[in-house]
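Participant: what follows is a predicted protein model with its sequence.
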Amino acid sequence: MPSHDKNICEEKLFEETFRQHSKDLYKFLYYKYGADLNPADVVQESFVKLWENCSNVPPDKAKGYLFTVASNIMLNHVARRKTVLKFQKREQKNYTNENPHFVLEEYEYSKKIQEALNSLTEDQRVTFMLNRAEGKRHKEIAELLGISRKAVEKRIYKALEILRKKLKEI
Amino acid sequence: MNKEEIIQKWLDGTLSKQERTLFEKSEEYMSITQLTDEVASLKAPLYNVEAELSELKQKITTRKSRSFNRSNVLLRVAAFAIVTIGLGYLFFPETNSVVEISSEEVATFNLPDNSKVKLNAESSISFDEGGWSTERQVRLTGEAYFDVTKGSLFEIETSSGVIRVLGTSFNVRDREGVLEVSCYTGMVSVSTNNGETILTAGQRVQVTESFTQEKTFLLSKIPSWINGKSVFQSASLSQVIKEFERQYKVEIELKDIDSTVLFTGIFTNTDLEIGLKSITLPLHLSYQITNNQIVLSKAGQ
């Protein structure tokens, strides 16, 4: 392994660190805390902190540092209230030629799913969404979250079970 | 394999073809796919890495905690067409094979899936070669023409917006704060802070930080710079001059000339004096060349 005589205070390395981790960090925060708490801003704040501390953080520790700092910033935002997470639904189809009854059912189904997602633990939700919404493989997710592959599989399966159960209930 | 294992493997995409066909007939499959399709539609909004990076850099300079100079990534090399390929990130053990290509001149090359990219002068792209099969993402500075093969979603990040494609050919120009995307075949989506625009074949859109122009129509089948010409329609003289400087690697000084004047016309990229005359004659200017420096002034002075 090459010696780390480079540090993140060097502009080019700092930029590459951003390019490498920002998107994953953004998605992690989005699925964990929802859209309302401005995950993109928190990503930026985390990198500002990294820049300010650049001489104390070796490049191979940057990712861990960023994820920790970001979670701390989020927790400060969240305070002690229970957050209701809202996920934006992406524009998918043009509904103009479908019958209104069907559209209403779809809308209600979508709401049920969001409520069910809210009921998952944060860990379950992040892992599940990274797999189902982002299309990431179990191995990738394990690396990203720093857990074992088995743990990833368990969380996803449990999340799916809970969601299916919730949907049958209503 | 019990039910749980089958679902696990399906979630990870590792079921064999036979196993899949069997699973797809089950009752489980219907309800699970409906659920997971819905979940997939709740995917996080697009994150534009380059735009966020620009914003971050501004935040840092305004905090004045350290100076953050614009380092010039593109190395100035010699006169003929040279493409420099740099492998970045050797010190990050978990990433592989990010390829970065910067070009001084017009250069053509293939991406791992045989999509073609043509870079105009002083442009650069970078992409992750290793991840290419699952995600086709490219970062672009400057201008390039893409001919994309059909396949998974293809995304291009510029500092002003993200372009998403599915098997098509189009031109992306991101210069001096203006993003211009021209679609020649197929369909392209352009996402910026101002919203999303979809272009079909023959359409072009221009986006600045505050404004997205209406779609205009293209008359040609490919961008003119590929044929060695730079074409302008109501572009400011300063934009024309900047492009001339990029094509010929010269520096141009304007003496007592209003650079906001609009120019409609063409200059060739392959003959400096003829190209220069195409600009100076219609605007009644004269020029003086000393090595790589050119001075333009009003004719008759």
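Facilitator: That came through fine. Numbers count the residues shown, from 1 in each chain, chains lettered A, B, ... in the order given.

Participant: show me where pLDDT drops low in the stretch 151-300 of chain B?
Facilitator: B:166-167 (pLDDT under 70).

Participant: ditto for chain A
Facilitator: A:1-5, A:78-106, A:170.

Participant: longest helix in it, please.
Facilitator: helix A:11-33 (DSSP state H).

Participant: next one: the closest residue in space to A:E140 that isn't next to it in sequence from A:A62, what distance?
Facilitator: Once flanking residues are discounted, A:E140 sits nearest to A:L130: 8.0 Å by Cβ to Cβ, 6 or more residues apart in numbering or on different chains. Just so you know, the C-beta spots here come from the backbone N, C-alpha and C atoms, and that holds for glycine as well. Per Cβ to Cβ, to the nearest Å, A:L130 is found 20 Å from A:A62.

Participant: contact partners of stretch B:44-62?
Facilitator: Defining contact as Cβ atoms under 8 Å, 6 or more residues apart in numbering or on different chains, one finds that stretch B:44-62 is touched by A:15, A:18-19, A:22-23, A:26-27, A:30-31, A:35, A:40, A:43-44, A:47-48, A:51, A:88, A:90, A:129, A:133-134, B:66-68, B:139, B:157-162, B:191, B:193.

Participant: quick one on the thing from earlier: and the longest helix of chain A, what other elements does it pack with?
Facilitator: helix A:39-52, helix A:62-78, helix A:122-132, helix A:138-145, helix B:49-63 (3 or more Cβ pairs under 8 Å, 6 or more residues apart in numbering or on different chains; DSSP states H and E).

Participant: contacting residues for the closest residue to A:L29 other than its chain neighbours?
Facilitator: Nearest residue to A:L29, sequence neighbours excluded (Cβ to Cβ, 6+ apart): A:P39, at 3.8 Å. Residues in contact with A:P39 (Cβ under 8 Å, 6+ apart) are A:Y26, A:L29, A:Y30, A:Y33.

Participant: what do you get for A:E153?
Facilitator: A:E153 touches A:H138, B:Q8, B:L11, B:D12, counting by Cβ under 8 Å, 6+ apart.

Participant: before we move on, back to that, just put the helices and strands packed on helix A:11-33 in JSON lines and tack on distance to B:S224.
Facilitator: Compiled in JSON lines, those are given as follows (distance: least, Cβ to Cβ, whole Å):
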{"stretch": "helix A:39-52", "distance to B:S224": "37"}
{"stretch": "helix A:62-78", "distance to B:S224": "44"}
{"stretch": "helix A:122-132", "distance to B:S224": "44"}
{"stretch": "helix A:138-145", "distance to B:S224": "42"}
{"stretch": "helix B:49-63", "distance to B:S224": "26"}
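
Participant: buried deepest among the ones you listed, which one?
Facilitator: Comparing the helices and strands packed on helix A:11-33 by mean neighbour count (mean count of other Cβ atoms under 10 Å in any protein chain shown), helix A:122-132 comes out on top with a mean of 22.

Participant: same for that helix, what does it pack against?
Facilitator: helix A:11-33, helix A:100-119, helix A:138-145, helix A:149-169, helix B:27-40.

Participant: and the last one, what's buried?
Facilitator: The reference is to helix B:27-40. For helix B:27-40, burial by neighbour count (16 or more other Cβ atoms under 10 Å in any protein chain shown) applies to B:Y29, B:I32, B:L35, B:T36, B:E38, B:V39.

Participant: can I get these in JSON lines with distance to B:V207?
Facilitator: JSON lines is the format used below for the buried residues of helix B:27-40 (distance: Cβ to Cβ, whole Å):
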{"residue": "B:Y29", "distance to B:V207": "43"}
{"residue": "B:I32", "distance to B:V207": "40"}
{"residue": "B:L35", "distance to B:V207": "37"}
{"residue": "B:T36", "distance to B:V207": "35"}
{"residue": "B:E38", "distance to B:V207": "32"}
{"residue": "B:V39", "distance to B:V207": "32"}
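
Participant: so who does the residue in the stretch 151-300 of chain B that chain A sits nearest to touch?
Facilitator: In the stretch 151-300 of chain B, the residue that lies nearest chain A is B:E196 (8.3 Å; Cβ to the nearest Cβ). Residues in contact with B:E196, defined by Cβ under 8 Å, 6+ apart, are B:S189, B:V190.

Participant: what strands line up against the helix or strand where it lies, and which way round?
Facilitator: For B:E196, the element it lies in under DSSP states H and E is strand B:195-200. The strands that strand B:195-200 pairs with in its sheet are strand B:187-192 (antiparallel) (by DSSP bridges).

Participant: mind listing what the helix or strand B:V181 falls within pairs with, with the direction of each?
Facilitator: Using DSSP H and E, the element containing B:V181 is strand B:178-185. Sheet pairing of strand B:178-185 (DSSP bridges) gives strand B:169-175 (antiparallel), strand B:203-207 (antiparallel).

Participant: how far off centre is the shortest one?
Facilitator: Pointing back at strand B:203-207 there. In terms of Cα atoms, centre = their mean, to the nearest Å, the centre of strand B:203-207 is set 13 Å apart from its chain centre.

Participant: what's next to that strand, contact-wise?
Facilitator: B:160-161, B:178-183, B:190, B:192, B:194, B:197, B:199, B:212-218.

Participant: quick revisit: which of the contacts of A:E153 has the largest number of neighbours?
Facilitator: A:H138 (23 neighbours; other Cβ atoms under 10 Å in any protein chain shown).

Participant: so who does it touch?
Facilitator: Here A:H138 is in contact with A:N131, A:R149, A:V152, A:E153, A:I156, B:L11, B:D12 (Cβ under 8 Å, 6+ apart).
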